[in-house]
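Engineer: What follows is a predicted structure for the sequence shown.
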Amino acid sequence: MGISFAEINAALDVSAITSTLDAYNSDTALWNDTIQPSDFTGKGINFYMSGSYDARLDYEEYDFTVNCRATTYSASNTIANTVITELNRKQYSGYYTACSALPTISPADTTDNYNTIVQVNLKKY
């Protein structure tokens, strides 16, 4: 047992989701980080663990924040809806995911973009 990002990365790195994202440096704009690169302004996802991990439990449970970012409100929502469609109440080999969403956050300034946040709960068994 211990903190692992392999499962959430595998769940997000599927063609239904990555096809909604732009490319960045010859790769898909999908980052396991709290922020996106400062020189990226397109459609992308950054995700990170946002809840606590309790090692006392007999199973592993994690909460992840998935930031679905895009230059338009509509594109940000499309990415978020795709994440929810692909991950909500899904059974994988050894783990289960469930989703909830938060309202879209508008850009703070001209260098920012829209961000629709999806919260993913991942339970390993």
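Structural biologist: Structure's in. What do you need?
Engineer: where's the residue positioned nearest the centre of the chain relative to residue 77, distance?
Structural biologist: In the chain, the centroid-proximal residue (C-alpha atoms, centre = their mean) is residue 66; its distance is 2.7 Å. For residue 66, the distance to residue 77 equals 13 Å [C-beta to C-beta, to the nearest Å]. The C-beta positions use only the backbone N, C-alpha and C, and glycine is treated the same way.
Engineer: okay, now residue 67: neighbour count?
Structural biologist: 23 (other C-beta atoms under 10 Å).
Engineer: residues touching it, list them.
Structural biologist: 36, 45-47, 115, 117 (C-beta atoms under 8 Å, 6 or more residues apart in numbering).
Engineer: so how many other residues sit close to residue 45?
Structural biologist: Around residue 45 there are 26 residues (other C-beta under 10 Å).
Engineer: Please verify my assumption that it contacts residue 31.
Structural biologist: Yes - the pair residue 45 / residue 31 is scored as a contact, 7.2 Å apart, by C-beta atoms under 8 Å.
Engineer: residues in contact with residue 3?
Structural biologist: By C-beta under 8 Å, 6+ apart, the contact list for residue 3 reads 49, 53, 62.
Engineer: Can you say which of those residues are buried?
Structural biologist: In terms of neighbour count (16 or more other C-beta atoms under 10 Å), the buried residues within those are 49, 62.
Engineer: Closest to residue 103 out of the contacts of residue 3?
Structural biologist: Taking C-beta to C-beta as the measure, residue 103 lies nearest residue 49 of the contacts of residue 3, at 21.7 Å.
Engineer: ok, the closest one - contacts?
Structural biologist: Counting by C-beta under 8 Å, 6+ apart, residue 49 touches 3, 5, 62-64.
Engineer: Would you check how far apart it and residue 89 are?
Structural biologist: In terms of C-beta to C-beta, residue 49 sits 20 Å off from residue 89.
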